[in-house]
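Enquirer: Build me a model:
(one chain, ligands or ions: 1)
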Amino acid sequence: MSSDASARLDALRERIDQLDCDILHLISERAQCAQEVAEVKLAEDPATLFYRPEREAQVLRRIMAMNKGPLSDEEMARLFREVMSACLALEQPVKVAYLGPEGTFTQQAALKHFGESAVSLPMAAIDEVFREVEAGAVHYGVVPVENSTEGVVNHTLDTFLESSIHICGEVVLRIHHHLLVGENTRRDKISRIYSHPQSFAQCRKWLDAHYPHAERVAVASNAEASRLVKTEWHSAAIAGDMAGKLYGLEVIADKVEDRPDNSTRFLIIGNRDAPLSGSDKTSLVVAMRNQPGALHDLLEPFHRHQIDMTRLETRPSRSGVWNYVFFIDFVGHHEEPRVAAMLDEVRLRAADLKVLGSYPQGVL
Ligand SMILES: O=C(O)C(=O)C[C@]1(C(=O)O)C=C[C@@H](O)C=C1
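Expert: Numbering: from 1, shown residues only. As a prediction, this is how the structure comes out:
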């Protein structure tokens, strides 16, 4: 290296050292503020919730709006997500149950939403995640609810019908699947591919084109698919990054999903609603009587109050009383007067109506 370049490098590193020192002090000062916030919350209410989804969404949105680069808005928000996660852990380490096992996309969603400092616990089934939250064994739960290619996760919707749980957040994850092998796999002899049925469905065309003759074996999770591949020389798995890393597998074809925009939406469930954040969504379940015009009666107030419906799902009723059950998501918070007026009208027309929760729209 020339002496000019070497001098420039030294100067830049000195500047970086100084900036790191400033950042360190600022993060420590921020963490002290969070500790004081915790004292204020506790003094107000001994049963306080330390995690505040609406405030976290506001902090991240503000950071993204202020960011001028060169780091992207998403990258900057991700860094602040971790700072906030560490600050919250100082107040109280948040405990989160997710649909496991370890290495699933749901774990990745939990990490994206709560950051690395949260304690996350894998559960074997969606109902178990609900139960742990209801019982107060964890503060929050994370469950998948819909995939852009494969549609809704019916089991999650059905579980809401019998639960008093609230939705207090959402997180959308871009889903990338890879073809993974172990160190002993004979790559030219792959005759069996393991994966979760949803992942097979999301990679159907790619598999038909590249591995038309391989046997497709559906298993309970992509993590399980990755585990099985470790022990077989003629098998591969379709799974995501986390599952592959967990079992030390190698990617031999990346992003094999048929649709490049393949994404899954997850819900954060808890025992309380989230207050207004300024950019919110609401999820409802509504039962209508089995009579002509029922769907029109349900939708008309949304139209009249100009409320933007983002999803409408119909599920068979699980009791004789409810003939049709509709799951509806829309933009707005139930505390907004316009939304409250619309809900009052729908309530009069419905056999039953339950607000599953109003929560900040996913930021990251
Ligand atoms: O503002 C609060 O209520 C805080 O506790 C501080 C803070 C933060 O670090 O900004 C931490 C945790 C909460 O979930 C929200 C925000």
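
Enquirer: Buried residues in stretch 113-120, which are they?
Expert: Buried positions in stretch 113-120, judged by neighbour count with 16 or more other C-beta atoms under 10 Å: 113, 114, 115, 117, 118, 120. (C-beta placed from N, C-alpha, C; glycine too.)

Enquirer: farthest pair in these?
Expert: 113 and 117 (12.2 Å; C-beta to C-beta).

Enquirer: Burial check on whatever residue of the chain ends up closest to the ligand, number of neighbours?
Expert: The ligand sits closest to residue 87 of the chain, with a gap of 3.4 Å, by C-beta to the nearest ligand atom. Counted by other C-beta atoms under 10 Å, the residues lying close to residue 87 total 21.

Enquirer: CA atoms only for the helix or strand harbouring it - export them in PDB, please.
Expert: Element membership of residue 87, judged by DSSP states H and E, is helix 73-91. The C-alpha trace of helix 73-91 is given here as PDB (Å, rounded to 0.1, in the frame of the first residue of the first chain):
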ATOM      1  CA  ASP A  73     -34.200   2.500   5.500                       C
ATOM      2  CA  GLU A  74     -34.700  -1.300   6.200                       C
ATOM      3  CA  GLU A  75     -31.100  -1.800   7.300                       C
ATOM      4  CA  MET A  76     -31.200   1.200   9.600                       C
ATOM      5  CA  ALA A  77     -34.500   0.100  11.100                       C
ATOM      6  CA  ARG A  78     -33.000  -3.400  11.600                       C
ATOM      7  CA  LEU A  79     -30.100  -1.800  13.600                       C
ATOM      8  CA  PHE A  80     -32.500   0.200  15.800                       C
ATOM      9  CA  ARG A  81     -34.800  -2.800  16.200                       C
ATOM     10  CA  GLU A  82     -31.800  -4.500  17.900                       C
ATOM     11  CA  VAL A  83     -31.000  -1.500  20.100                       C
ATOM     12  CA  MET A  84     -34.700  -1.400  21.200                       C
ATOM     13  CA  SER A  85     -34.700  -5.100  21.800                       C
ATOM     14  CA  ALA A  86     -31.700  -4.700  24.100                       C
ATOM     15  CA  CYS A  87     -33.300  -1.800  25.900                       C
ATOM     16  CA  LEU A  88     -36.500  -3.700  26.400                       C
ATOM     17  CA  ALA A  89     -34.500  -6.600  27.800                       C
ATOM     18  CA  LEU A  90     -33.100  -4.200  30.500                       C
ATOM     19  CA  GLU A  91     -36.700  -3.300  31.500                       C
END
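
Enquirer: Mind listing residues that contact that helix?
Expert: 27, 30-31, 34-35, 37-38, 41, 50-51, 56, 59-60, 63-64, 67, 71, 94, 112, 114-118, 363-364 (C-beta atoms under 8 Å, 6 or more residues apart in numbering).

Enquirer: Of these, which are in range of the ligand?
Expert: 34, 37, 50, 51, 56, 59 (C-beta under 6 Å from any ligand atom).

Enquirer: list the contacts for the closest residue to the fourth one other than its chain neighbours?
Expert: It refers to residue 51. Distances taken as C-beta to C-beta, 6 or more residues apart in numbering put residue 94 closest to residue 51, at 5.2 Å, once the chain neighbours are dropped. Going by C-beta under 8 Å, 6+ apart, residue 94 touches 50, 51, 88, 114, 117, 118, 119, 139, 140.

Enquirer: Test my guess that the first one contacts residue 44.
Expert: No - because the distance of 11.9 Å does not satisfy C-beta atoms under 8 Å, residue 50 is recorded as not touching residue 44.

Enquirer: more crowded one of those two?
Expert: Neighbour count, other C-beta under 10 Å: between residue 50 and residue 44, residue 50 has more, with 18 against 8.

Enquirer: sec struct for residue 188, please.
Expert: Following DSSP: H, G, I helix; E, B strand; the rest coil, we place residue 188 in the helix state.
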